[in-house]
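Peer 1: Turn this into a model:
(chains A and B)
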Protein chains: 2
Amino acid sequence: MSLQAPSYTQSGQRRALAKPICGEHLPSMHQKRLPKHIGFIPDGNRRWAEARELPKEAGYHHGIKPGLALYEACEKLGIEEVSVYGFTQDNTHRPSVQARQFRAACVAFAQEIAHRGAALAVIGDAESPQFPPELAHLTRRQGSGIKVNFLVNYGWQWDLNGLRESGTLRSSEVSRIDLIVRWGGGRRLSGFPPVQSVYADMYVVDDYWPDYRDEHLREALEWWSRQDRTFGG
Amino acid sequence: MSLQAPSYTQSGQRRALAKPICGEHLPSMHQKRLPKHIGFIPDGNRRWAEARELPKEAGYHHGIKPGLALYEACEKLGIEEVSVYGFTQDNTHRPSVQARQFRAACVAFAQEIAHRGAALAVIGDAESPQFPPELAHLTRRQGSGIKVNFLVNYGWQWDLNGLRESGTLRSSEVSRIDLIVRWGGGRRLSGFPPVQSVYADMYVVDDYWPDYRDEHLREALEWWSRQDRTFGG
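Peer 2: Model prediction:
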């Protein structure tokens, strides 16, 4: 399994899992092995900063570059859809100096991947003052690249209240998630879209998010390819 | 931390976490450290049977005794509430010889803990032919012991449809889960009540469920006591 650009063996066959064009369908053998939809929980920014004797809030800025590296890795692999935790409504209870920083990091990340052509939708409560106004125009999906659901001011209660009010999840355009990768050692979903996560396999990386390496993703995918997928049947 | 019967130190103080009477409140120091509500996913019955060259369905019967041991262990520790996976609506798609066996095992387990005085409610779609009629009278909570939510013919969609239809989860009497312990090595929720699991820490035991030992629970609790519980804040 490789996160490198596609290459060909000497016999001219495409190497397994290397895939050049986003959106192209993988051969069925590979479809069985690669998750279609991966969720990412990039946790540990504050602990990363503390370990470097930086103020906690300094960690968020250092999460942007790894986010772009992960985005590129998924694109190269031909992952069809990714959901990424930006911040949650619960996170907004943190000290305001932190909230300012994680909001700014989310704005920078979203603008950059929109610029790169991702089929991006920012998903979260856009009517709240906690929602960054710079992202308001990105709540409608645009772009034709890899489908990215960026969860910004997302709340599981906000999401499920859609079922109450209109019979539909507010995140209804987010499909079922096959694999969730979480950095920072936590072994919980922390409110990650609960309905789409019901059958997701969870892979935990102990490293803090700003220390992301493509290896983490590769190891998660290798692990996932060995899990049985019976969906209870 | 101990799963043994309560004992006293030489100075006459009760040993931490040993607790004699179910329902009694733990001293607040211990309350901080013990989860109030634990979810259990007893997976691996079929693989356990296969490893012994038994027919797959033979595994379920061997899950009853461990279930009673776990129940006793939780009672001794003073855990307030437990939720236990019996079977799900998705599981009913399995071969009928298996479905018969897991239904029978669930009936035996539920009747036994009801007999022992658990505050038991069987939670699941009781209107479906897949629901064991022997458990119909147990869908209303009774008993005054440890609160047990036994998920039988439970379905996450069935549960969430309550939100659509009446504005309330069908599992609304199940409280938020602090810790989920899963046997059999799987690292997913497999439709375990999604709303109550949003902030649950997940502890995975690689052993198959019929090989349950009190040690598993003790290790899960020790691990859990070291996790931070910020709920996103």
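Peer 1: and chain A, which of its residues are near chain B?
Peer 2: Where chain A comes near chain B, counting by Cβ under 8 Å from any Cβ of the partner chain, the residues are A:88, A:90-91, A:93-94, A:156, A:160, A:163-164, A:167, A:186-191, A:194-195, A:197-203, A:227, A:231-233. Yep, even glycine has a C-beta here, placed from its N, CA and C like the rest.
Peer 1: give me phi/psi at the residue lying closest to A:Gly117 once chain neighbours are set aside?
Peer 2: Spatially, and ignoring its direct neighbours in sequence, A:Gly117 is nearest to A:Gly145 (4.3 Å; Cβ to Cβ, 6 or more residues apart in numbering or on different chains). Torsion angles at A:Gly145 (phi, psi; degrees, to the nearest 10) stand at phi -80, psi -150.
Peer 1: Could you check how far A:Gly145 is from A:Pro66?
Peer 2: 19 Å (Cβ to Cβ, to the nearest Å).
Peer 1: And the two? Which one has more around it.
Peer 2: Set side by side, A:Gly145 and A:Pro66 show more neighbours around A:Pro66, with 21 against 17, by other Cβ atoms under 10 Å in any protein chain shown.
Peer 1: got the buried residues for the helix or strand the more buried one falls within?
Peer 2: For A:Pro66, the element it lies in under DSSP states H and E is helix A:64-77. Residues A:Ile64, A:Pro66, A:Gly67, A:Leu70, A:Tyr71, A:Ala73, A:Cys74, A:Glu75, A:Lys76, A:Leu77 are the ones in helix A:64-77 that count as buried (16 or more other Cβ atoms under 10 Å in any protein chain shown).
Peer 1: Kindly reformat those residues as JSON lines and extend each row with pLDDT.
Peer 2: Rendered in JSON lines, the data for the buried residues of helix A:64-77 read as follows (pLDDT from 0 to 100):
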{"residue": "A:Ile64", "pLDDT": "97"}
{"residue": "A:Pro66", "pLDDT": "98"}
{"residue": "A:Gly67", "pLDDT": "98"}
{"residue": "A:Leu70", "pLDDT": "98"}
{"residue": "A:Tyr71", "pLDDT": "98"}
{"residue": "A:Ala73", "pLDDT": "98"}
{"residue": "A:Cys74", "pLDDT": "98"}
{"residue": "A:Glu75", "pLDDT": "96"}
{"residue": "A:Lys76", "pLDDT": "96"}
{"residue": "A:Leu77", "pLDDT": "96"}
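Peer 1: of all the residues you listed, which comes closest to B:Ile180?
Peer 2: Nearest to B:Ile180 among the buried residues of helix A:64-77, counting by Cβ to Cβ, is A:Leu70 at 27.1 Å.
Peer 1: Do you have the strands of chain A handy? List them.
Peer 2: Secondary structure of chain A by DSSP state E: the strands cover A:37-41, A:81-88, A:119-123, A:147-154, A:179-183, A:201-205.
Peer 1: Name all residues that make contact with the nearest residue to A:Leu138 once chain neighbours are set aside.
Peer 2: The spatially closest residue to A:Leu138, leaving aside those adjacent along the chain, is A:Val122, at 4.4 Å (Cβ to Cβ, 6+ apart). Counting by Cβ atoms under 8 Å, 6 or more residues apart in numbering or on different chains, A:Val122 makes contact with A:Gly86, A:Ala110, A:Leu135, A:Leu138, A:Thr139, A:Phe150, A:Val152.
Peer 1: what about the spatially most central residue of chain A, distance to chain B?
Peer 2: The centroid of chain A falls nearest to A:Val84 when counting by Cα atoms, centre = their mean (2.5 Å). Using Cβ to the nearest Cβ, to the nearest Å, one obtains 16 Å as the distance from A:Val84 to chain B.
Peer 1: Is that residue in contact with A:Phe150, as I believe?
Peer 2: Yes. Assessed by Cβ atoms under 8 Å, A:Val84 is found in contact with A:Phe150 at 5.3 Å.
Peer 1: Tally up the residues packed near the nearest residue to A:His61 once chain neighbours are set aside, please.
Peer 2: Here the nearest residue to A:His61 in space, its sequence neighbours aside, is A:Ala105; by Cβ to Cβ, 6+ apart that works out to 5.8 Å. Per other Cβ under 10 Å, the neighbour tally for A:Ala105 reads 22.
Peer 1: what residues are up against A:Trp224?
Peer 2: Taking Cβ under 8 Å, 6+ apart as the test, what A:Trp224 contacts is A:Pro35, A:Asp178, A:Leu179, A:Asp201, A:Tyr203.
Peer 1: now do 6 Å
Peer 2: Shown here is A:Trp224, whose contacts under the criterion Cβ atoms under 6 Å, 6 or more residues apart in numbering or on different chains are A:Pro35, A:Leu179, A:Asp201.
Peer 1: want to throw those into a markdown table with neighbour count and pLDDT?
Peer 2: Formatted as a markdown table, these follow (neighbours: other Cβ atoms under 10 Å in any protein chain shown; pLDDT from 0 to 100):
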| residue | neighbour count | pLDDT |
| --- | --- | --- |
| A:Pro35 | 25 | 97 |
| A:Leu179 | 25 | 98 |
| A:Asp201 | 21 | 98 |
